[in-house]
Structure formats: structure tokens, C-alpha cells
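[1] curious how this folds, go ahead:
(chains A and B)
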Protein chains: 2
Amino acid sequence: MYDGIVQELIDEFGRLPGIGPKSAQRITFHILQTPDFDVARLGHLLAEVRDKVRFCEVCGNVSEQDRCVICRDPRRSLSVICVVEDAKDVSAIERTREFRGLYHVLGGAISPIGGIGPDDLRITQLMQRLADGTVQEVILATNPNLEGEATATYLSRLLRSLEITVTRLASGLPVGGDLEYADEVTLGRAFEGRRTV
Amino acid sequence: MYDGIVQELIDEFGRLPGIGPKSAQRITFHILQTPDFDVARLGHLLAEVRDKVRFCEVCGNVSEQDRCVICRDPRRSLSVICVVEDAKDVSAIERTREFRGLYHVLGGAISPIGGIGPDDLRITQLMQRLADGTVQEVILATNPNLEGEATATYLSRLLRSLEITVTRLASGLPVGGDLEYADEVTLGRAFEGRRTV
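    Alright, predicted model coming up:
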């Protein structure tokens, strides 16, 4: 409907998750009609993110260095690891300020329908981190839905042989939901009330 | 919450209209976690849009040339001009395929509260286009809300002295709404049923 580039940019924004054609158009016109909108900055950040951001070699969180800010922080407790599905969940938990240990990002959850098995997740790396006996508690903070529960059950069985306390976030999180969308208070309560599996 | 660049890109997306912090995070992680996501293409389009896209010197629509695709199209009728608030409205009306004339983009609507008066709109340019007597009908397609109605009333009084039929889009558009969000059928009906002011 528009001249070439404008429509191309609308289409490109429309490919991003959660942006429909109307939003894509609105964003494109905002950029066009805002004289001081810094397209160079947005373009630069896109390139930088692709160039410089990788995943922490220890926990799998996003990072600009080999190890992420949390793994590098000497004030964090080395004795507790919180296992999450996705790097976005690390940020959600950090916002609660309830947790001062380390993280382990699995990179997903077990899903027979989605064709994702334990071997597709960063479980071997988790077991390696637990091998030296430093870690005394593993908190399973996978999403409170079918795949997350299946993953937590799988991990709790796997960790049973080790002398490590394994806990799961307390109920209080709405079942069937997405951890990423929980509010800080609910997620904080869930941390306080975590129970041994 | 995140290492530098990731948070900067989240913040930058969050500045776009209709994108909240959660969506901004989702988009950023989508870009990070999709190996074949073409950041270079998005960055390139952003720069191109800023460099090459301007506004049609005749009608004010977006264009990559001095005159837009509609003003350049020899098949469009020169005797009817449809006056809209915004370039997005041109695209909405084009989708109805009801209109084969030309457009005139005002660049907003009269709004005493917003501090926008007639002098802030492209009304002088409209009067210049009407001066040579080619145009026989002006369709006032401003939004069916307070500002749009005020603008239509202002223009219909201004055009009364000229020998031009002035029409307003038919009721059928939901009052208080935004023309940009009307569906094709409703907008098409409104075109068919336009009445003399």
C-alpha cells in the first residue's frame, strides 16, 4: 500500500513477536514523523546486540562477556542454583530481590509434543556444576505449566542421587501461566514459600 | 537488569509507540535467540527510511520521490480531493478501493486543547490546489471525533465561497473512533454514502 521502503519497514516490524500489522504501521510512522527519532542509535544497537551479546558459558544467561554479570558478582552465594527455562526468567526473578544465588538457564523445557527432550536442554552442564559439592540447594524455577512441571519432575529424579536439597517454587504462581509474566510480589512469595520436592 | 547493550535495546524498543517493557524484552530476546534474524536488514531499512522517505510536495503523503505514487498515477481522477488528517489514513482509504481521486494530508486536526490551530495544518496548500478550478469535489475525511469534526466544519466554511461540492464521509463510522482503525467494509460504506455538507 505504501511506497517501497516504508512498506518494507512495516513488514519487517510486523515479523517481530507481538507486533501486528497496525502496530507495525504505527511504529514506522512514529519513526518517520518524529524528526529527532534516532534511527542510527536503534540500528547501531541492533548490530551491537548481534555482534557482542552471547550467552554466559557458566549459566547460559545473556552476557557481553564470557561470564554474565551474575556469575561474575562475588557477592552472590555459590551454594544455591536457581534453574530456569529461559534467560528472560533470570531477569524476572532478579526483580523480586529475593534471591542472591546463581542461575542455570536450561534453554527451554521438556516437551514431547514440541520434540524437545532432556538432551536438548543444558542439563549436562548443570550436572557438571553440581559435581564439586559446592552447591547445597537447587531451586527448580521452571514455568508452572505442563512442560515446566515435567522438566522439574525429571530434574528432581535426576538430582535425587546427589546430596543436594532440591526445591520447587511455591504454589502461588497461577497454574498454566508463564513465569515471565508474574508480578514481583507473587514471584517473591513463591520464592519464600519454596518447598522440598 | 540486563548487561548493557541488551537493556539498551530493550529500552529503545520500549520507546516506540504501543510497545511496553514486556514486549520490548520479548522482541529483544527474539532477535537474540533467532540465529537467522536479519539485524542488518532491519538496521538498513531504518537508515533508508530516514534517508529516502519524505512527504509528497503536492499532497503530503509519504513518498520516496518529490511526488507520491498516487499523485504520479495518471489513472487517478484530478477532479476529486479527499482531505485526511494523517498519511496513515491514505493507506486505510486505499484499502477500501472505493476512491480513485487524489488526497490532501492536513498533518493533524484542529485542537484548541492540543494547541493546534488552522495555521498548523496544510490548509494553505489545499487552497492553492483548489485555485485553478480543476477540482470539483472535496471529500472531508477527517476522523469522526471532536477534533476531526471541528476541522471538517472549519474547512466546509472556508470552501463555501468556492464553486466546489464539499462532502463529508457518511455516518456509519463509529463516533469517537479513529479512522485508521475502521475496517474496509465500514470505511467503504462511509465513502458510498458521503453527503453534501
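[2] for the residue of chain A found nearest chain B, which non-adjacent residue is closest in space?
    The minimum distance from chain A to chain B, using C-beta to the nearest C-beta, falls at A:Gly43 (3.6 Å). To be clear about C-beta, it is placed using only N, CA and C from the backbone, and glycine gets the same treatment. Closest residue to A:Gly43 apart from its sequence neighbours, by C-beta to C-beta, 6 or more residues apart in numbering or on different chains: B:Gly43 at 3.6 Å.
[3] ok so the one you found is a helix residue?
    Yes - assessed by DSSP: H, G, I helix; E, B strand; the rest coil, B:Gly43 belongs to a helix.
[4] burial check on it, number of neighbours?
    For B:Gly43, the neighbour count with other C-beta atoms under 10 Å in any protein chain shown is 19.
[5] per-residue pLDDT, it?
    With respect to pLDDT, B:Gly43 scores 88.
[6] show me which helix or strand of chain A is least confident by mean pLDDT.
    Within chain A, no helix or strand scores below strand A:195-196, which has a mean of 66 by mean pLDDT, DSSP states H and E.
[7] what ranges do the strands span in chain A?
    Ranges of strands in chain A, per DSSP state E, are A:54-55, A:62-63, A:80-84, A:102-105, A:137-140, A:165-168, A:195-196.
[8] still on that earlier bit, distance of the residue nearest to A:Gly43 from A:Gly133?
    Here B:Gly43 is placed at a distance of 47 Å from A:Gly133 (C-beta to C-beta, to the nearest Å).
[9] again, but for A:Val166
    When A:Val166 is compared with A:Gly133 (using C-beta to C-beta), they lie 15 Å apart.
[10] look at those two and report which has more neighbours.
    Comparing A:Val166 with A:Gly133 by other C-beta under 10 Å, the one with more neighbours is A:Val166, at 19 against 9.
[11] that one touches A:Ser156, doesn't it?
    Yes - at 5.1 Å, A:Val166 and A:Ser156 qualify as touching, with contact defined as C-beta atoms under 8 Å.
[12] which neighbours do these two have in common?
    A:Leu140, A:Val197 (C-beta atoms under 8 Å, 6 or more residues apart in numbering or on different chains).
[13] what about A:Phe29, neighbour count?
    21.
[14] so who does the residue nearest to it when sequence neighbours are not counted touch?
    Nearest residue to A:Phe29, sequence neighbours excluded (C-beta to C-beta, 6+ apart): B:Lys88, at 5.6 Å. Going by C-beta under 8 Å, 6+ apart, B:Lys88 touches A:Gln25, A:Arg26, A:Phe29, B:Glu180.
[15] give me the nearest residue to the first one, chain neighbours excluded.
    This means A:Gln25. Excluding the flanking residues, the one nearest A:Gln25 by C-beta to C-beta, 6+ apart is A:Ile10, at 5.3 Å.
[16] show me what contacts that neighbour?
    Counted by C-beta under 8 Å, 6+ apart, A:Ile10 has contacts A:Tyr2, A:Pro21, A:Ala24, A:Gln25, A:Thr28.
[17] now list the buried members of those.
    The neighbour-count test (16 or more other C-beta atoms under 10 Å in any protein chain shown) marks A:Tyr2, A:Ala24, A:Gln25, A:Thr28 as buried among the contacts of A:Ile10.
[18] surely the second one touches A:Gly18?
    Which is A:Ala24. No - A:Ala24 is not in contact with A:Gly18 according to C-beta under 8 Å; the separation is 10.7 Å.
[19] report the buried residues of stretch A:104-123.
    For stretch A:104-123, by 16+ other C-beta under 10 Å, it's A:His104, A:Val105, A:Leu106, A:Gly107, A:Gly108, A:Ala109, A:Ile110, A:Ile116, A:Leu121, A:Arg122, A:Ile123.
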